[in-house]
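>>> Just the structure for this:
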Amino acid sequence: MDPKRQKVKLNDGHFIPVLGFGTYAPEEVAKMEALEFTPFSIEVGFRHIDCAHVYQNEEQVGQAIQSKIADGTVRREDLFCTSKLWCTSFRPELVLPALEKSLKSLQLDYVDLYIIHYPLALKPGKELFPKDENGKLIFDSVDLCHTWEALERCKDAGLTKSIGVSNFNHKQLEKILNKPGLKYKPVCNQVFDFELTPEDMKAIDGLNRNIRYYEFQLGIGHPGYPFSEEY
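Sure thing, here's the model as predicted:
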């Protein structure tokens, strides 16, 4: 398969490459590694670059992207760049600044897709995983619909072409879809599934509407967890 040519049309009319290069790396991997592997991914044909604020390497990924634009390998319009809203920025007034921070790090005027990373809010602040004195995560109370409305405003502002979600179960997704005044539907529900067994995938594919699920361990302890019987 040629990753440069295989694309899928999203429900808003934009096209997304079916293969993407994920930029997540464990903490023990130096952030500067992104400066080596991201350009290589573009050279071998990847055009979808999947990023996230919580990966803490968007600055390095941005440098890598700009290097391949500068040397003529690709144009900005050839790339599909995704970033994700982290859980500490779910309050509506924090969504736009969070996206602007990612854009600055990536050295981009817009991303092609901006998605809600996980369906639970954490206490705002500098800590990505805020914890109390007992080592438990500190959650925040934010209506996902209000967060979604802020994403819609980001799309209207031209800072992202498409908006979506990640790791949502069907109840959370339907909450967005059934929201009064919904302006834009999520174009995707991105999930983490490359470590699932064939048996797991068979079970997931049999779920209603083919929505995929997996257990997000950080969600345990949240007042809304498990988020549904299927989660």
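
>>> longest helix anywhere in the protein?
helix 92-106 (DSSP state H).

>>> quick one, the helix or strand just after that one and helix 92-106 angle?
Toward the C-terminus, helix 92-106 is succeeded by strand 111-116 as the next helix or strand (DSSP states H and E). Per axes from the mean of the first three to the mean of the last three Cα atoms, to 10 degrees, the angle that strand 111-116 makes with helix 92-106 is 140 degrees.

>>> Only alpha carbons, please: show the helix or strand just after strand 111-116 as CSV.
Counting by DSSP H and E, the next helix or strand C-terminal to strand 111-116 is helix 144-156. The C-alpha trace of helix 144-156 is given here as CSV (Å, rounded to 0.1, in the frame of the first residue of the first chain):
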residue,chain,number,x,y,z
LEU,A,144,-17.9,17.3,27.4
CYS,A,145,-20.6,19.1,25.3
HIS,A,146,-19.1,22.4,26.4
THR,A,147,-15.6,21.3,25.5
TRP,A,148,-17.0,20.2,22.1
GLU,A,149,-18.5,23.6,21.5
ALA,A,150,-15.1,25.1,22.1
LEU,A,151,-13.6,22.8,19.5
GLU,A,152,-16.3,23.9,17.1
ARG,A,153,-15.2,27.5,17.6
CYS,A,154,-11.6,26.5,16.8
LYS,A,155,-12.8,25.0,13.5
ASP,A,156,-14.8,28.2,12.7
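
>>> Leaving out sequence neighbours, find the closest residue to Arg47.
Distances taken as Cβ to Cβ, 6 or more residues apart in numbering put Pro17 closest to Arg47, at 4.9 Å, once the chain neighbours are dropped. Yep, even glycine has a C-beta here, placed from its N, CA and C like the rest.

>>> residue boundaries of the strands in this protein?
7-9, 15-17, 20-22, 48-50, 80-85, 111-116, 160-166, 189-190 (DSSP state E).

>>> Grab the most central residue of this structure for me.
Most central in the chain under Cα atoms, centre = their mean is Lys84, positioned 3.4 Å from the mean C-alpha point.

>>> Could you point out which residue ranges in this protein have low pLDDT?
Within the chain, the ranges that satisfy pLDDT under 70 run 1-5, 192-231.

>>> returning to what we had before: for the strands of the chain, give me TSV that also has distance to Gln60.
As requested, the strands of the chain are arranged in TSV below (distance: least, Cβ to Cβ, whole Å):
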stretch	distance to Gln60
strand 7-9	26
strand 15-17	21
strand 20-22	14
strand 48-50	12
strand 80-85	14
strand 111-116	16
strand 160-166	21
strand 189-190	22
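
>>> For Leu122, which of these is the nearest?
strand 80-85 (11.6 Å; Cβ to Cβ).

>>> Also compute the angle for that closest one relative to strand 111-116, please.
Using the same axes, to 10 degrees: strand 80-85 against strand 111-116 is 30 degrees.

>>> partners of strand 80-85, with directions?
strand 48-50 (parallel), strand 111-116 (parallel) (DSSP bridges).

>>> any idea which of these is most buried?
Mean neighbours per residue, mean count of other Cβ atoms under 10 Å, is largest over the strands paired with strand 80-85 for strand 111-116, with a mean of 25.
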